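Asks: Pasting a predicted model and its sequence here:
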Amino acid sequence: MSRSLWPLQQAVYAALTSGSPAPVSAPVYDAVPQDSAYPYVQIGDDLTVADFSPVAGEGDDVDFHIHGWSRYAGKKEVLEMMAEIKAALQGARLAVPGWQIAGLRETFSTVILEPDGKTRHSVQRFRVRLRKAS
């Protein structure tokens, strides 16, 4: 397991909850408490790490997912959450102790209507390139 993952998750959480340009307006969870009120944002369990070792040191390419959950009638709320998430992550200067951010971008996004017919679920995948700080 990459040593960058926990510091990265902490930085993502900080960007979503208290970051600049603005925090996400919905609660943000790693583990969602039972009976949580909608809307909310969840940092996904789904991480993919690829070794990115440039000539001069250690590095990781990390793909991570952020999920949004809404029961608003229509897509407005979930789409607004997605825009807030993207702005919070791409507008922030993520502070990952021991690592330098060499790039961060959204690589995929979608909205799914869950089988209950009333819950909308957004999935956004981001890729960050990290270089071990010297």
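Replies: Yep, it's here.
Asks: by contact count, what packs against the helix or strand of the chain with the lowest mean pLDDT?
Replies: Of all the helices and strands that make up the chain, strand 40-51 has the lowest average by mean pLDDT, DSSP states H and E, namely a mean of 84. Packing partners of strand 40-51 (3 or more CB pairs under 8 Å, 6 or more residues apart in numbering; DSSP states H and E): helix 5-18, strand 28-29, strand 59-70. Yep, even glycine has a C-beta here, placed from its N, CA and C like the rest.
Asks: Longest helix of this structure, counting residues only.
Replies: Once the chain is assigned using DSSP state H, the helix that runs over the most residues is helix 76-91.
Asks: Check which helices and strands it sits against.
Replies: Helix 76-91 is packed against helix 5-18, strand 59-70, strand 99-113, strand 120-132, with contacts defined by 3+ CB pairs under 8 Å, 6+ apart.
Asks: Show me what that helix is in contact with.
Replies: With CB atoms under 8 Å, 6 or more residues apart in numbering as the test, helix 76-91 has contacts from 12, 15-16, 19-26, 39, 41, 66, 68-70, 72, 104-106, 109, 111, 120-122, 124, 126.
Asks: Using ChimeraX, define a selection of the buried residues within those.
Replies: Below is the selection syntax for ChimeraX that covers the buried ones among those, with 16 or more other CB atoms under 10 Å defining burial:
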select :12,15,16,19,23,24,26,39,41,66,68,69,70,72,104,109,120,122,124,126
